[in-house]
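S.K.: Provided below for reference: sequence and predicted model.
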Amino acid sequence: MSEITRGRCETQDGDTHLVRFVMDLPHPVPVVWAAVASPEGLPGWLCEADPLEPRLGGRVTLRWLNGDTEVSGRVTAWDPDCVAEYTVEPTHGRIRFHLEPGPGGAGATVLRFTNEFQGSRGYRLDCLAGWHDHFERLAAALDGRPTDWRDWTPERWRHLRELYARDDEPWPKWVP
């Protein structure tokens, strides 16, 4: 799977976490947008979205395909080809995808992702590892290799969680 830069997390008030990932993807913005903001693109790397009403205030229900997690909420920001934000409860909080043309021009995209949620330190580690795993899957899906969720196992997620649990150690050469 593609190399994804390690995610970062800021914690405030003990249990409010803001996870961030920044990825340079060698695909044009419209292709990445379709993957992160459409019911057709999301299942190849993240979840089913039904419904997903593509407008500010629209309804959204996300159903993870590697388990039985389902969350519902609203589209809290929507700027086509640029920003898709879903606020879903009770566990996943605010999920935001911000796309911009990459430094390579029209053929590349910078994806800035944030996820703000409340939970324990353990849940924070779960989310960091989970998003990292999903972004590896996004890169593969964009390259024409969508995830077959019937073959999913938790081993990769467990490995990533162990790496993220080493948060007190320096990470100059963190190897996923």
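M.R.: Sure thing, it's come through. Residues are numbered from 1 along each chain as shown.

S.K.: Count the residues that sit near Glu48.
M.R.: The burial metric for Glu48, expressed as a neighbour count using other Cβ atoms under 10 Å, is 15. The C-beta positions use only the backbone N, C-alpha and C, and glycine is treated the same way.

S.K.: That one: what's its closest spatial neighbour, skipping adjacent residues?
M.R.: With Cβ to Cβ, 6 or more residues apart in numbering as the criterion, Glu48 has its nearest non-adjacent residue at 4.5 Å, and that residue is Arg63.

S.K.: wait, isn't that neighbour in contact with Leu46?
M.R.: No: counting by Cβ atoms under 8 Å, Arg63 stays clear of Leu46, with 10.1 Å between them.

S.K.: who has more neighbours, the two?
M.R.: For Arg63 and Leu46, the more surrounded residue by other Cβ under 10 Å is Leu46, and the numbers stand at 23 against 16.

S.K.: How about Thr76, nearest residue that isn't a chain neighbour?
M.R.: Setting aside the residues directly before and after it, Thr76 is nearest to Thr87 in space (Cβ to Cβ, 6+ apart), at 4.4 Å.

S.K.: name the element that neighbour belongs to?
M.R.: Take DSSP states H and E as the rule and Thr87 turns out to sit in strand 83-89.

S.K.: which residues touch that strand?
M.R.: Residues outside strand 83-89 that contact it (Cβ atoms under 8 Å, 6 or more residues apart in numbering): 33, 36-37, 60-62, 71-78, 93-99.

S.K.: ditto for stretch 18-32
M.R.: Counting contacts by Cβ under 8 Å, 6+ apart, the residues outside stretch 18-32 that touch it are 4-5, 7-12, 81-82, 99-104, 106-117, 124, 127-128, 131-132, 135, 138-139, 142.

S.K.: part of a helix, is Val71?
M.R.: No: counting by DSSP: H, G, I helix; E, B strand; the rest coil, one finds Val71 to be strand, located in no helix.

S.K.: Quick check: beta-bridge partners of the residue nearest to Thr76?
M.R.: Beta-bridge partners of Thr87, counted by DSSP bridges, are Arg74, Arg94.
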